[in-house]
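> What follows is a protein structure lacking sequence information:
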Ligand code: NDP
Ligand code: 2IT
């Protein structure tokens, strides 16, 4: 049995009910096999075993009272996975599907993603099975206050810095920050994605989507391609999807479809982003409402068939495992030339294989969606300096970071004999920096 297989076997025995975590760990450990041979010192120091075990896992009760006076109880999580290269850093997800496996997969991915940014941030993730959908602002506030009243003792500007993810945007970060500040009586950069008037960074809202498109642009260049004139399918209509769509349009592409968890609409003339922003960011409405303003567009119930819509480039920006093997085959059959993961792990391993086997350019999320956390790290820098950069300054830094991540992943893949395989390249390039830090810091 290979060393990776052996590690994964033990991991599965230890964490039997964590399919998403095991899926993420498998992809990484299989990529790292050549590294295990080249670096016996990593093996001797137990780096692989250690990186697979979170440094600390916090799970807690989040009680709150809804608008009808009924007591509600949710479960909160914070997985502090690795502090080898900096304070734990990663988002909070509020979604009814949240469980330990999902938060651990996200936290594990975050270690390597954060390393790839080149900035000094460790890996962590958290969240709750709370569903913000359909809740009043007052309910969301009460939940956030209860959540942070427990979590505050575990986080801090130099310890662990959460941010947004699915279901956590500016509104939630505001309530979390307000209550944190009230408890600790300190104004510090403990959360990122803050409002611009109170410590947030310009371009953080746009960062993940813009960064994704900057990365895919670099990847397309390796084949002499660009976004200009391309039809682009984007799943989701949240933070990542909206700003990916905005940058695609700026680069001359046409976004023809977007979705939410109920369904998707197709607008061949090009999605009206102002309308989507109004529906999603202001009114908190559904994709089905798009056709009220755009009768020429078509709405379809259910998410899965979005990948049957013929496109040149697909950017999955909703959630994990949203593109399976059959979806990937449909995309290939319809002439798709590139796939960029905006979400975390939106493609199953079988789907990724279909893309690689058919020479479809494939950008793995831990590289291509790293722009959000990169600008979060820039927000931390600005908070420490008590200073703020202009939008143009932050955007230029973001673009540079995304180009560098592409170069690092491309070169690492080439160095290990797998040119063009950015999955392997991103895993190796992200891992080496963390492994070197762990070696230097001893067995901790
Ligand atoms: P949002 O909550 O802003 O938007 C999520 C979007 O995806 C919504 O349109 C939502 O639809 C849809 N969606 C969520 N869950 C499901 C599901 N189970 N099935 C179908 N559709 C679903 O989140 P973000 O845009 O911030 O996050 C999207 C993805 O990007 C996630 O995978 C996240 O981890 C990843 N990511 C986010 C970063 C960030 O900076 N925000 C950074 C890097 C990665 P609905 O409204 O109906 O639920
Ligand atoms: O998955 C991610 O990288 C995020 N949700 C962003 C994390 C952050 O700390 O900005």
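Everything's here; your move. Because the structure is a prediction, the values reported are computed rather than measured. Ligands and ions are numbered 1, 2, ... in the order given.
> Which strands or helices does the strand or helix carrying residue 41 pack on?
Element membership for residue 41, per DSSP states H and E: helix 40-44. Helix 40-44 sits against helix 33-38, helix 422-440, with contacts defined as 3 or more CB pairs under 8 Å, 6 or more residues apart in numbering; DSSP states H and E. Glycine gets a C-beta too; all of them are placed from N, C-alpha and C.
> Tell me which of those is the most buried.
For these, the largest average neighbour count (mean count of other CB atoms under 10 Å) is found in helix 422-440, namely a mean of 22.
> what residues are up against the one residue in the stretch 51-200 of the chain that gets nearest to ligand 1?
Nearest to ligand 1, among the residues of the stretch 51-200 of the chain, is residue 166, at 4.1 Å (CB to the nearest ligand atom). Contact analysis of residue 166 by CB atoms under 8 Å, 6 or more residues apart in numbering lists 93, 94, 95, 238, 319.
> got it, and residue 8?
Taking CB under 8 Å, 6+ apart, one finds 22, 25, 26, 29 in contact with residue 8.
> in the host helix or strand of it, what counts as buried?
Using DSSP H and E, residue 8 sits in helix 3-14. By neighbour count on 16 or more other CB atoms under 10 Å, the buried set for helix 3-14 is 4, 7, 8, 11.
> Please name the residues that touch the nearest residue in space to the first one that is not next to it in sequence.
Taking CB to CB, 6 or more residues apart in numbering, and ignoring the residues beside it in sequence, residue 4 has residue 29 as its nearest neighbour in space, at 4.3 Å. By CB under 8 Å, 6+ apart, the residues touching residue 29 are 4, 7, 8, 48, 52.
> helix or strand for residue 29, which one?
helix 19-31.
> Distance from that helix to the middle of the chain?
16 Å (CA atoms, centre = their mean, to the nearest Å).
> any idea of the angle that helix forms with helix 3-14?
Calculated by axes from the mean of the first three to the mean of the last three CA atoms, to 10 degrees, helix 19-31 forms an angle of 160 degrees with helix 3-14.
> quick one, helix 19-31 and helix 422-440 angle?
Using the same axes, to 10 degrees: helix 19-31 against helix 422-440 is 90 degrees.
> related to what we said a few turns ago, out of the helices and strands packed on helix 40-44, the one nearest ligand 2 is which?
Of all the helices and strands packed on helix 40-44, helix 422-440 comes closest under CB to the nearest ligand atom, at 12.7 Å.
> what does the helix holding residue 41 contact?
Contact with helix 40-44 is made by 3, 35, 36, 48, 435, 439, as judged by CB under 8 Å, 6+ apart.
> Please compute how far it lies from its chain's middle.
So, by CA atoms, centre = their mean, the centroid of helix 40-44 is 30 Å from its chain's centroid.
> Quick check: next helix or strand after that helix?
Counting by DSSP H and E, what follows helix 40-44 is helix 47-51.
> Give me the sheet partners of the helix or strand following that following helix and which way each runs.
With elements assigned by DSSP H and E, the helix or strand that comes after helix 47-51 is strand 56-65. Sheet pairing of strand 56-65 (DSSP bridges) gives strand 71-82 (antiparallel).
> what sits against the residue of the stretch 151-300 of the chain found nearest ligand 2?
Closest to ligand 2 within the stretch 151-300 of the chain is residue 163: 3.3 Å, counting by CB to the nearest ligand atom. For residue 163, the contacting residues are 89, 90, 91, 92, 173, 191, 192, 193, 372, 373, 376, by CB under 8 Å, 6+ apart.
> The second one contacts residue 377, correct?
Which is residue 90. No: using CB atoms under 8 Å, residue 90 is not in contact with residue 377, being 11.2 Å away.
> So for the two, which residue has more residues nearby?
Legend: neighbour count by other CB atoms under 10 Å for residue 90 and residue 377, higher for residue 90 (31 against 24).
> Could you check the pLDDT of the more buried one?
Note on residue 90: pLDDT of 98.
> and what of the one 10 residues further on?
Per-residue confidence (pLDDT) for residue 100: 98.
> for the one 5 residues further on, same thing?
Residue 105 carries a pLDDT value of 98.
> That one touches residue 21, doesn't it?
Yes: in terms of CB under 8 Å, residue 105 counts as a neighbour of residue 21; the distance is 4.5 Å.
> tell me the contacts of whichever residue of the stretch 201-350 of the chain sits closest to ligand 2?
Among the residues of the stretch 201-350 of the chain, residue 344 lies closest to ligand 2, at 5.4 Å counting by CB to the nearest ligand atom. When contacts are counted by CB under 8 Å, 6+ apart, residue 344 is found next to 105, 106, 109, 320, 365, 366, 369.
> what about residue 23, neighbour count?
Neighbour number of residue 23 under other CB under 10 Å is 16.
> Same question for residue 256.
Neighbours of residue 256 using other CB under 10 Å come to 21.
> Name the SS class of it, please.
For residue 256, the assignment made with DSSP: H, G, I helix; E, B strand; the rest coil gives strand.
> For ligand 1, see how far away it is.
Distance of residue 256 to ligand 1, given as CB to the nearest ligand atom, to the nearest Å: 16 Å.
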